[in-house]
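> Could you look at this predicted model? Sequence included:
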Amino acid sequence: MANTREIQSRIKSIKDTKKITNAMYMVSSSKLQKARRDLARTEPYFFMIQENLANILKTAPDVGTDYFDQRPQRQGKDRRIGYLVITADKGLAGAYNHNIIKTATTRELSETNDMLFVVGQVGRHFFEKRNIPIDIHFNFTAQDPTMGRARHIAEELIDFFLDEKIDELYVVYTRMVNSMTVEPTLQKILPLKPEHIKTDGKAYDESVAFLPDAKTVFDYILPSYIAGFIYGALVESYCSEHNSRMLAMQTATDAATDMIRNLGIQFNRARQSAITQEITEVAAGSRAQKNHGKIIS
């Protein structure tokens, strides 16, 4: 059994670690709430964009053909697929990074026709270590996602699609189901399907005029629609990361509490054992002294 000084040292070390895990929990909780508020503030804008796109399609069904092109002439290995993989910049978030990378690597990313786009340092390090080529690593942090970053990503990926460098585009991100559950998700965003752009059923003024024409208006608005989806995926991933980190830090804090309690019991036992030994030694010494006195007399 360890002595009392060693146990005290371990208890102090665990208490210091517990302070860190508890602080990380509070920081992640604050960042999670902020990201949720930011997403809630921007959602009405993107819902309105979707509403306008649906109304344009209702008035002029032939617009947007470039974005709806399914390219059936390319099938099998000839079909070029792009994957935008969103990971975190740091660990200590439970299985968050592992799950999203596992979802991404189930695809044939090593195929020559596939293209890989990465957000987050953990994903970049993983793919580089395994010699999986990254076509674009967006060199900004996955922390605190902004609409400006989402627009930049959307512009790059839309250009790849319109230039026919890729025939399909998927986003691999983590969706936050509820406060206890997150799940990795593979979502196709290009090419679009007209039936996926829906209205809320409200009446629409058929007399509206599109200047210079419906196609130009549609092509101008659509990149914002795709940027909105990417922004939503970035925020969902960011929220999921901090939710996973909160759960991991809470688990670590609870484990530290249990360890401190168990070490406290060990400390009390060790101290009691030491006291008992000292009393035994004093009593034995006292008896030996008395016996020695009797022998002399």
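Great, that's in hand.
> tell me, how many neighbours does the nearest residue to Tyr225 once chain neighbours are set aside end up with?
With sequence-adjacent residues excluded and distances taken as Cβ to Cβ, 6 or more residues apart in numbering, Tyr225 is closest to Ile49, at 5.0 Å. Just so you know, the C-beta spots here come from the backbone N, C-alpha and C atoms, and that holds for glycine as well. Other residues lying near Ile49 total 18 when counted by other Cβ atoms under 10 Å.
> does Ile49 really touch Ile221, like I thought?
Yes. Contact criterion Cβ atoms under 8 Å: Ile49 and Ile221 qualify, at 6.0 Å.
> Would you mind listing the residues in contact with the residue nearest to Tyr225?
Ile221, Ser224, Tyr225, Gly228 (Cβ atoms under 8 Å, 6 or more residues apart in numbering).
> Could you rerun that using 6 Å?
Neighbouring residues of Ile49 by Cβ atoms under 6 Å, 6 or more residues apart in numbering: Ile221, Ser224, Tyr225.
> Help me confirm that it is found in a helix?
Yes. Assessed by DSSP: H, G, I helix; E, B strand; the rest coil, Ile49 belongs to a helix.
> now the strands for the stretch 51-200 of the chain?
Per DSSP state E, counting those that start in this stretch, the stretch 51-200 of the chain carries strands over the ranges 81-86, 115-119, 136-137, 168-176, 182-190.
> would you list those in JSON lines and tack on distance to Tyr238?
Shown next, in JSON lines, are those (distance: least, Cβ to Cβ, whole Å):
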{"stretch": "strand 81-86", "distance to Tyr238": "9"}
{"stretch": "strand 115-119", "distance to Tyr238": "10"}
{"stretch": "strand 136-137", "distance to Tyr238": "18"}
{"stretch": "strand 168-176", "distance to Tyr238": "9"}
{"stretch": "strand 182-190", "distance to Tyr238": "11"}
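> just to revisit the earlier point, could you tell me the model confidence score at the residue nearest to Tyr225?
In this model, Ile49 is scored at 80, pLDDT.
> Is there a neighbour count for Tyr45? I'd like the number.
11.
> What confidence value was assigned to Met259?
For Met259, the predicted pLDDT is 90.
> Numbering from 178 from now on, please.
Shifting the count to begin at 178 puts that one at Met436.
> surely Ala281 meets Tyr350?
No. Taking contacts as Cβ atoms under 6 Å, Ala281 lies outside contact range of Tyr350: 9.9 Å.
> now the helices: where do they sit in the stretch 278-427 of the chain?
Applying DSSP state H, counting those that start in this stretch to the stretch 278-427 of the chain gives helices spanning 298-306, 324-339, 391-473.
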